[in-house]
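Engineer: pasted the sequence and its predicted model underneath.
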Amino acid sequence: MSRDRLTPTSYAVLVLVGRGGAGPHDLVRMMRQGKAYESAAESQYYAEPKRLEQLGYLRSKRVPGRTHDRTQYALTKKGIDALRAWMSERPAHPRLGADPILRLLAADLVGEKAVKESLLSLREDLTDLRERLDTADEIAATLPHREKYLRLNHRLARRVIDAYEEWLDEIERELD
């Protein structure tokens with residue numbers, strides 16, 4: 001991959017920096033909160049803003065923090081232009097979670113009982129994701145410029161979680 005190419009993580013960082021700017025710790029916090037959505041490793045949310053600044057998509061400044069100065073990134077005109085150009089591209093097709101699907105396909109190799117136990121453990125994660133979405137809805141109310149868009153995404157995430165719960169019910173009924 002070309003070092004100058006924008007990746008899905010690049011666009012995620014640009015969008016999350018948004019109007020008000022954000023520091024690397026802010027990006028990681030948002031990424032953790034948005035666990036329901038696909039995300040990159042935390043280390044990428046620390047490294048990617050530096051790379052985007054070198055490429056001219058972001059600019060940084062030092063701002064006072066709780067204990068010491070911290071880096072705050074803001075979008076540049078080039079960053080906004082990159083987001084506008086990105087909107088003219090067709091989105092990638094939605095991806096289904098490969099790990100649970102592959103685990104089910106392994107049932108003939110490892111036995112249905114093992115697969116059933118493995119997959120049903122996802123229920124805890126689904127509960128956690130729902131709780132994160134509840135918190136995200138509370139946060140959305142504090143971001144009037146993005147509230148409508150955040151809530152639309154949250155409703156989609158809840159429908160996906162519902163579909164996984166229904167699928168797990170089927171797994172529970174149909175596997176030994």
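Structural biologist: Ah, there it is.
Engineer: unless I'm mixing things up, residue 139 is touching residue 30, no?
Structural biologist: No - using CB atoms under 8 Å, residue 139 is not in contact with residue 30, being 9.1 Å away. Glycine gets a C-beta too; all of them are placed from N, C-alpha and C.
Engineer: more neighbours: those two, which one.
Structural biologist: A count of neighbours by other CB atoms under 10 Å puts residue 30 above the other of residue 139 and residue 30, at 20 against 13.
Engineer: relative to residue 144, how far out is that one?
Structural biologist: In this view, residue 30 and residue 144 are 17 Å apart by CB to CB, to the nearest Å.
Engineer: same thing with residue 14?
Structural biologist: In this view, residue 14 and residue 144 are 20 Å apart by CB to CB.
Engineer: now residue 117
Structural biologist: Look at residue 117 and residue 144: by CB to CB, they are 45 Å apart.
Engineer: please apply the same query to residue 65.
Structural biologist: When residue 65 is compared with residue 144 (using CB to CB), they lie 25 Å apart.
Engineer: confidence score at the nearest residue to residue 75 once chain neighbours are set aside?
Structural biologist: Nearest-residue entry for residue 75: residue 17, 5.7 Å, with adjacent residues in sequence omitted and distances by CB to CB, 6 or more residues apart in numbering. In the prediction, the pLDDT value recorded for residue 17 is 93.
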